[in-house]
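# I need the structure of the sequence given here:
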Amino acid sequence: MKRQSVQALVLASSLVAGAIACETTLSGGAATPTIGRPECPSDSFAISVVDSVRTPRGVVTRPRTITTIPLAGPISNVPEFHDCQELIKDNRYLSLYAIFASFRLDLLADSLDTLKYTTTKRAFPAAEIYSSDTHEYAPLAIKPYFNCLYFYRDGSQWRANMVPIGKDEKDCGKPLVDPATAGTELKVLPVSPKSNDDAYPPVARWDWDPAHGEQYIGIKCGVAWCEVGSQQFAPASALTAGPSFDPITGFTTTTGTDQVYAIKGWYDEQQLAVPAAAGGVQPGAVHGVIIPNPVLGHLNQATDFHPTSSKPWVHVATANVTGPYSSKLHLRNGDNKIYLCYGTAIECHVPGPVPTCPPSADGKWWAKIESPYWLWPFWLSHKATYRCVTQRPHPSVKIPGTVRWRWTVDDETGWIRCTNGCCQVN
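Sure thing, here's the model as predicted:
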């Protein structure tokens, strides 16, 4: 068999296997889902559904908790691969929407033929989208509950369809035949500034079209980054420059240093949330970009985050914001350097009073945020904020060296790859 055919078979069988593993006898009926994910309001991923089930004694309701999205499989709980936030319309938040990347996203391109469209054309799912309530998002044709984002090619042109599937999270595991007749076709614009496959992280992200005031999707599509939106959308350009990073003892990089800002998916960019006068939060005026250190994906041991006893801090990311942002991170206008350290508070030189850590933090991971601070007479210093860090290990998954904003109900913090796990700055 040709390599393309073999990989197509691998992708299809992997997706179906994931669906079978999570099948349940509960199906159909009304459902009332709620969402909780590490990067959304709560610290555990669980979607609660109440199903109506026909039995010999009539229709009964049974609760069901979804802890794995079959399409995402083993990466369901790894936030670096996915994105979750309240989408924006008319400068207000709507509701929470989660996008889960396929755990075989790296095989997507090889699974799709490049022939002209025919009625036997097959499309494969690249992502699954979940709406936290009955809201729809018209620009992306997202309906309540679960939706599948399918990709296929018509000659050299990438095409995508959004197909709502209702309350059953398993249906995205099935390849779609004749995709032009299913769901709603979206516009796809691939961007390929690099020719090597590993320059594109296998992740999915929400993005923002400032010209039309609507959200769109960014996702890896072979040796490219694909931007997917309404037929009118105009994607925002990638960054053209990035920050400098402090050197890390034992690690150097001479290639690919620009991909962490030139290719979306490595970094994350969004309008940051602020408290609303009526309660809750609303989109604020401050725009934020968080960019990883190019060597972040190579720091695989806890000791890599504590190079020496005299200099224990490792510069892992930089958050650039367009104005002061009074979050728990105390970000200020300009480049805010984010450091991690593995060790006790004393070993990491955390000054007193030591921050009070939540139960999820083991007291061995710490963050330091150095924010630009202008002092009279016009010289730049840095003011440090120290925070506890919760590290969630994922030893069986290879996590790319990405960073992203962490949307919460009252603040914005961040997710940072640390060893082969996820570090949440508390």
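
# spit out the contact partners of Trp266.
Applying Cβ atoms under 8 Å, 6 or more residues apart in numbering, we find Trp266 in contact with Pro201, Gln259, Val260, Ile291, Pro292, Pro400, Gly401, Thr402, Val403. Quick note: C-beta positions are derived from backbone N, CA and C, even for glycine.

# could you pick out the longest strand of the protein?
strand 379-393 (DSSP state E).

# pull up the pairing partners for it, direction included.
Within its sheet, and counting by DSSP bridges, strand 379-393 is paired with strand 365-375 (antiparallel), strand 421-425 (antiparallel).

# one step back: show me the contacts of Trp266 that map onto strands.
Counted as lying in strands by DSSP E, out of those, are Ile291, Pro292, Val403.

# how about low-confidence regions in the stretch 251-400 of the chain?
254-256, 374-382 (pLDDT under 70).

# try it again with 80
The stretch 251-400 of the chain contains residues with pLDDT under 80 at 252-256, 279-280, 326-329, 359-360, 373-382.

# can you map out the strands along it?
Remark: strands assigned in the stretch 251-400 of the chain by DSSP state E, counting those that start in this stretch are 268-275, 281-292, 314-321, 334-342, 365-375, 379-393.

# of all those strands, which lies closest to Asp90?
Shortest distance between Asp90 and those, using Cβ to Cβ, is found for strand 281-292: 9.9 Å.

# other SSEs contacting the closest one?
Judged by 3 or more Cβ pairs under 8 Å, 6 or more residues apart in numbering; DSSP states H and E, strand 281-292 is in contact with strand 92-101, helix 259-262, strand 268-275, strand 314-321, strand 403-407, strand 412-418.

# partner strands of the first one, with direction?
Sheet pairing for strand 92-101, assigned by DSSP bridges, gives strand 83-89 (antiparallel), strand 122-131 (antiparallel).

# off-centre distance for the shortest one?
Right, strand 83-89. Using Cα atoms, centre = their mean, to the nearest Å, the mean C-alpha position of strand 83-89 is found 11 Å from that of the whole chain.

# so what's the nearest residue to Thr114 once chain neighbours are set aside up against?
Distance criterion Cβ to Cβ, 6 or more residues apart in numbering; nearest residue to Thr114, sequence neighbours excluded, is Arg153 at 5.4 Å. Arg153 sits next to Leu112, Asp113, Thr114, Arg159 when contact means Cβ under 8 Å, 6+ apart.

# quick revisit: tell me the most buried of the strands of the stretch 251-400 of the chain?
Among the strands of the stretch 251-400 of the chain, ranked by average contacts under mean count of other Cβ atoms under 10 Å, first place goes to strand 314-321 (a mean of 25).

# and the angle from that one to strand 334-342?
In terms of direction (axes from the mean of the first three to the mean of the last three Cα atoms, to 10 degrees), strand 314-321 departs from strand 334-342 by 150 degrees.

# list the neighbouring strands of strand 314-321 plus their orientation.
Strand 314-321 is paired, per DSSP bridges, with strand 281-292 (antiparallel), strand 334-342 (antiparallel).

# re the thing from before, okay, the ones in strands among the contacts of Trp266 in JSON lines with distance to Lys143 next?
Putting these into JSON lines (distance: Cβ to Cβ, whole Å) gives the following:
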{"residue": "Ile291", "distance to Lys143": "34"}
{"residue": "Pro292", "distance to Lys143": "34"}
{"residue": "Val403", "distance to Lys143": "31"}
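
# from those, pick the one nearest Pro275.
Nearest to Pro275 among the ones in strands among the contacts of Trp266: Val403, at 24.3 Å, using Cβ to Cβ.

# that closest one: neighbouring residues, count only.
25 (other Cβ atoms under 10 Å).

# ok, Arg159 next?
21.

# thought it was touching Thr184?
No: Arg159 lies out of contact with Thr184 (Cβ atoms under 8 Å); the separation is 11.7 Å.

# coming back round to it: give me the beta-bridge partners of the residue nearest to Thr114?
Here Arg153 sits in beta bridges with Trp158, going by DSSP bridges.

# what's the pLDDT at the residue nearest to Thr184 when sequence neighbours are not counted?
Leaving aside its sequence neighbours, Thr184 sits nearest to Ala141 (Cβ to Cβ, 6+ apart; 3.5 Å). In this model, Ala141 is scored at 97, pLDDT.
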